[in-house]
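*Asks:* Give the three-dimensional model of this entry:
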Amino acid sequence: DHPSAAPGMHYHDKYGKPIINTTRFPDFQKMTDHAHSLNLTSGWYGNNCICHDNCQSEEECTKQMKGDVETLLKYNFDSWKLDGCGSENDLVSFNRMIQEKSPHKPIVVENCHGPSKDFKPNRNLPPALGCPYNLYRTSKDIRPTYESILNNLASVDKYHRKNESYPGCWAYPDMLQVGVKDALTAQEIRSHFGAWAIVSSPLILSHDVNDDNVTDKIWNVISNREVLAVNQAYYGDSGGVYEIDDDYQYLSKPIGGEKVAVLLMNTGVVKETLIANFTEIPGIMSSCEKNICALRVRDIWDHKDLGVFDKLYSVSVESHDAAFIVIDVAQQEGDDEVAVSKTVKVRT
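*Replies:* Below you'll find the predicted structure:
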């Protein structure tokens, strides 16, 4: 509690302005300028769960929201994460204030109210009313464990099925745990990053970026341009699970040009052979129904073309790892060589 705080508040004064800890943050402007000099963006965390302020009236809440927005823009921050622990929950008003005070600089807004509050986007309303934010949390806080990763991934599914994750309004199962506390195996890191990529989640890293050893360990995964391209692609479908069982999950996403990305996740405890049956993959089924089911497969983890496969592709995957492939309709007249496994080709 700060002595300058308004009655009943922790970090807002009587004018609604946030009180800055100048011991920890002696100069916000220099901090954001430094971030921008490194080609990074800087974010503001509001409605936080450590010392949350519960404004008691509409007038008081409006005063505090206005004070937060003015301070955010004064110090040239680029994004705003609004948590769900205080009473500043009116995202429509927040968005309006930001648009009015910063008409030329876009501010990325994260709705972190989570499943406990009404946050579902409504595509039938104008964006300023139906989705007055850029990304919205679908889950509880994530932890650096494989179980937590799977639980949070599952939270996106119902929004994907209703087509409620789309450009400017992305479903978000929380920040990435790759490199956090060295808790995940190499296989789990790949599976986690690949899953967030294929469901179009914003890819927000949370490891200690000052630790070069950690960054070096995960660099090949987080800098994979083909995986990032899958994440950035949008052709009417944000990507999601098309088949699931106790020991595996299969996810797909159309990425344009008659191509579909597929993530084959081994969620079990032993190595498994996972099978992408082309007749079951959304976006490919129609081609197979036309008897064009010889498809080109590319491994985007290792940037390798694997060949042309007839009706299915199978691959051995370690526990908690995932194969990440892009499948393309192979319209190769006169080419009668078809791969029937990952490593063997035969003449048909």
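
*Asks:* where are the low-confidence patches of the stretch 101-250 of the chain?
*Replies:* When the per-residue scores of the stretch 101-250 of the chain are filtered using pLDDT under 70, the ranges that remain are 114-119.

*Asks:* roughly how far out does stretch 72-85 sit from the chain middle?
*Replies:* Shown here is stretch 72-85, whose average C-alpha point lies 19 Å from the average C-alpha point of the whole chain (Cα atoms, centre = their mean, to the nearest Å).

*Asks:* Span of that stretch from start to end?
*Replies:* The first and final residues of stretch 72-85 sit 19 Å from each other (Cα to Cα, to the nearest Å).

*Asks:* same thing with stretch 49-63?
*Replies:* With Cα to Cα as the measure, the ends of stretch 49-63 fall 20 Å from one another.

*Asks:* So what's the gap between it and the chain middle?
*Replies:* The offset between the C-alpha centroid of stretch 49-63 and the centroid of the whole chain comes to 29 Å, using Cα atoms, centre = their mean.

*Asks:* just stretch 15-30 next, same as before
*Replies:* With Cα atoms, centre = their mean as the basis, stretch 15-30 stands 30 Å off its chain's centre.

*Asks:* any idea of the mean pLDDT in it?
*Replies:* Stretch 15-30 shows an average pLDDT of 93 in the prediction.

*Asks:* Now the terminal residues of it, how far apart.
*Replies:* Across stretch 15-30, the straight-line distance between its terminal residues is 25 Å, by Cα to Cα.

*Asks:* Could I get the full set of helices for this structure?
*Replies:* For the chain, the helices defined by DSSP state H occupy 28-37, 58-74, 91-101, 127-130, 146-154, 157-161, 186-198, 212-222, 225-232, 285-289.

*Asks:* Let me have the ones you listed in CSV, extended by distance to E243 and mean neighbour count.
*Replies:* Bear in mind the C-beta positions are built from the backbone N, C-alpha and C, glycine included. Formatted as CSV, the entries for the helices of the chain read as follows, by distance: least, Cβ to Cβ, whole Å; neighbours: other Cβ atoms under 10 Å:
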stretch, distance to E243, mean neighbour count
helix 28-37, 42, 14
helix 58-74, 43, 18
helix 91-101, 35, 17
helix 127-130, 31, 13
helix 146-154, 14, 19
helix 157-161, 12, 17
helix 186-198, 14, 24
helix 212-222, 24, 14
helix 225-232, 18, 17
helix 285-289, 12, 15
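
*Asks:* now those helices in JSON lines, with distance to I300?
*Replies:* As requested, the helices of the chain are exported to JSON lines (distance: least, Cβ to Cβ, whole Å):
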{"stretch": "helix 28-37", "distance to I300": "31"}
{"stretch": "helix 58-74", "distance to I300": "37"}
{"stretch": "helix 91-101", "distance to I300": "36"}
{"stretch": "helix 127-130", "distance to I300": "32"}
{"stretch": "helix 146-154", "distance to I300": "19"}
{"stretch": "helix 157-161", "distance to I300": "21"}
{"stretch": "helix 186-198", "distance to I300": "9"}
{"stretch": "helix 212-222", "distance to I300": "12"}
{"stretch": "helix 225-232", "distance to I300": "4"}
{"stretch": "helix 285-289", "distance to I300": "20"}
